[in-house]
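**Student:** how does the following fold in three dimensions:
(chains A and B)
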Amino acid sequence: MIALQHLAVIEDDTDIRHLLELSLTTLGGFDVTSYPLATRALAEMPQHPLPQMLLLDVMMPEMSGIEAIPRLRELAGDTPLCIVMLTAKASPEELAPLLAAGADYVASKPFDPVLLPELLQHFWSTFHGRI
Amino acid sequence: MPAPENLHVLIVDDIAITRMQLAAQVRELGFRISEAANGEAALACMAEQTPDIVLLDLLMPGMDGFTVSRIIKGRDYGRWIPIVVLSGLEGEEHLLKALEAHADDFLHKPVNPAILSNKLGNLRRVLTLQAQHNSLLSRSQAISRNSFDAILLADPSLRICEANPAAAILFGQSLGELLGQPLSALLPDLQPACTSSGPATLVKLDVLRPDASLIPVEAGLGSFAQDGASYLLITLRDISERVRADQLKQQFIATLSHELRTPLTSIIGALKMLQADTASLTPQQHQLLAMADRNSGRLLGMVNELLDLNRSQAGKLQLVRHAAQLGDLLDEAVASHLGYAQRHAVNLELDCSAPVRLQWLNTDHGRFLQIMANLLSNACKFSAAGDTVTIRAAREGTQLSIAVSDHGPGIPADFLPRLFEPFTQADGSDSRRQGGSGLGLAITRQLVEALEGQIQVSTTPGEGSTFTLYFPVGAPA
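**Tutor:** Modelled structure (predicted):
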């Protein structure tokens, strides 16, 4: 299995974005590129190497996470891209539509940034088992 | 119409002496009198001061009694005015003719005082009934006409036979259009069971209007028997504003709780990151961070409770039910609360016999634990250090009961009726001391009912409280 190294974060809330960067770089030791909007990510991602995993907020201005999924998949082409949605909605009945929309995993907010890298590693290994 | 003891009798006779004698007799019997000497004068009296009874001589010059009777009965005075004809003629032919002219009764001249008294007495009784009937009718019409709630009366074939103006407004149809329509065309979701006799019931329905729009209403259904058949009385109250307010409230809470979770994500996340770096923290800094972390966790708990209540009130609670054994469920509930109980220095004691442990429950695992968590944390919270909280399970017929008892201060009697309502705690000072949003028991009851169970409470001030859950025994997995 290829080690998880390169992640991208798409999150409009500045504080949460910084918290994610901090957790993923200092505790997880990952390379992280972050974008404040899905539209920005779609415009800028083609100029960089494709990330292995993408943390995607659901409710964002301009383009929601759900709307962004098919565009991101299109961008990735044949390369497998593990999409983890971050949502402040907590109930099981609200999570199911996110998976149906094409997310690979869903993590709920608030998350524990200390445990987040471990959780993402776990997602990564099961994602690899699937592809 | 005047009171029955003061009825007004018009005496019509062309012979003054006869008229005066009759007037004296009738006045003696307790009636008010007016007199007319011929047919024209009688009709004028009828128009000016309509009497309750007319004593009418048949043979008069000019307009005779037959004609006067026919004219009076042809007019509408808004009530029945009995006419008693008087005749000194032999034979019955003219009496028959008078009855054909719509007179109601007759007396022979000279008038026998006893017969006069009896006949007027009978009329007084009938007129009294008529007065009572009219006043009841006008009262019920006033209620129906002035009611802001729609009132419908359906006949035994469930067609509308009466409707009030508010019904016409509610259904967007004229009164004439409503009459005769089948109830099912107006209230399509009214269940036949609702229409059976018995005490009045209150149900929520939608009214169907001709433009196909639906209006939510609260419907009171009652029935009454008339001529051996059962009629349905329906009162309808438009509750669209209440429904709209509920929707707005639910939307508001959903948005609010989402908006609250976003800053909480940053706060809780930042605190966790700081706490992870234990080496560089002084004990005091550590303590302060733990305090902030604990309280942001409480805040999050309240936001979650608010969401839960909102969802269960909106009927959006999704349950995933599986068969599980009571013993396993209770073990798990107790195990996950041991830490909480230890912090309050409270002992948890599970009292569940081996046969009861093996009983099955068709339940939502997560929601069941949430119910138990609410009851156990309340019991611990209100217990003194060293107390024991008991969980006692039993089978009672087709039900399983789970009773959680504490030896706390008990619940004040005046608070009991509101115990399961949202945003309530016994008193403000208590709420601050014990913490919590005041939503726990409201959510607990909603969850219990969603799982087809019931929750009951018994309490003795100063001795403690017991919350008992009842669930139907489930089938094995």
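
**Student:** contacts and neighbour counts: CA atoms only from here.
**Tutor:** Fine.

**Student:** what about the helix or strand hosting B:Ala245, near chain A?
**Tutor:** If you go by DSSP states H and E, B:Ala245 is part of helix B:240-276. Yes: using Cα under 8 Å from any Cα of the partner chain, we find that helix B:240-276 touches chain A at B:258, B:261-262, B:264-266, B:268-270, B:272-273, B:276.

**Student:** turn those into a markdown table, including pLDDT and neighbour count.
**Tutor:** Below are those laid out as a markdown table (pLDDT from 0 to 100; neighbours: other Cα atoms under 10 Å in any protein chain shown):
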| residue | pLDDT | neighbour count |
| --- | --- | --- |
| B:His258 | 78 | 20 |
| B:Arg261 | 87 | 23 |
| B:Thr262 | 88 | 17 |
| B:Leu264 | 91 | 22 |
| B:Thr265 | 91 | 23 |
| B:Ser266 | 93 | 24 |
| B:Ile268 | 93 | 24 |
| B:Gly269 | 93 | 24 |
| B:Ala270 | 93 | 21 |
| B:Lys272 | 92 | 19 |
| B:Met273 | 91 | 18 |
| B:Ala276 | 86 | 13 |
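
**Student:** now do the contacts for B:Thr468.
**Tutor:** Contacts for B:Thr468 (Cα atoms under 8 Å, 6 or more residues apart in numbering or on different chains) come out as B:401-404, B:455-457.

**Student:** which residue is the nearest non-sequential neighbour of it?
**Tutor:** In this structure, B:Thr468 finds its nearest non-sequential neighbour in B:Ala403, 4.1 Å apart by Cα to Cα, 6 or more residues apart in numbering or on different chains.

**Student:** next: B:Val243.
**Tutor:** B:Pro216 (7.7 Å).

**Student:** cool, B:Glu452 as well?
**Tutor:** B:Phe471 (6.7 Å).

**Student:** quick one on the thing from earlier: just the residues of helix B:240-276 next to chain A now: which is nearest chain A?
**Tutor:** Using Cα to the nearest Cα, B:Thr265 is the member of the residues of helix B:240-276 next to chain A that lies nearest chain A, at 4.2 Å.

**Student:** who are the packing partners of the helix or strand containing B:Ala225?
**Tutor:** Using DSSP H and E, B:Ala225 sits within strand B:214-226. In terms of contacts (3 or more Cα pairs under 8 Å, 6 or more residues apart in numbering or on different chains; DSSP states H and E), strand B:214-226 is packed against strand B:201-208, strand B:229-238, helix B:240-276.

**Student:** tell me the strands beside that strand, with direction?
**Tutor:** strand B:201-208 (antiparallel), strand B:229-238 (antiparallel) (DSSP bridges).

**Student:** between that strand and helix B:240-276, how many degrees?
**Tutor:** Calculated by axes from the mean of the first three to the mean of the last three Cα atoms, to 10 degrees, strand B:214-226 forms an angle of 130 degrees with helix B:240-276.

**Student:** related to what we said a few turns ago, relative to B:Asp351, how far out is the residue nearest to B:Thr468?
**Tutor:** Counting by Cα to Cα, to the nearest Å, the gap from B:Ala403 to B:Asp351 is 10 Å.

**Student:** and the strands in the stretch 1-150 of chain B?
**Tutor:** Listed in chain order, the strands of the stretch 1-150 of chain B (DSSP state E, counting those that start in this stretch) span B:8-12, B:32-36, B:53-57, B:83-87, B:105-108, B:150-154.

**Student:** hang on, the earlier thing: the residue nearest to B:Glu452 pairs with what?
**Tutor:** Bridge pairing for B:Phe471 - DSSP bridges - gives B:Leu400.

**Student:** point out where chain B drops to low pLDDT.
**Tutor:** B:1-5, B:192-198, B:423-438 (pLDDT under 70).

**Student:** could you rerun that using 80?
**Tutor:** B:1-5, B:191-200, B:254, B:258, B:278, B:308-319, B:422-439, B:477 (pLDDT under 80).

**Student:** what about residue 120, how many residues close to it?
**Tutor:** You didn't say which chain, so I picked chain A. 20 (other Cα atoms under 10 Å in any protein chain shown).

**Student:** correction: the question concerned chain B.
**Tutor:** 18.
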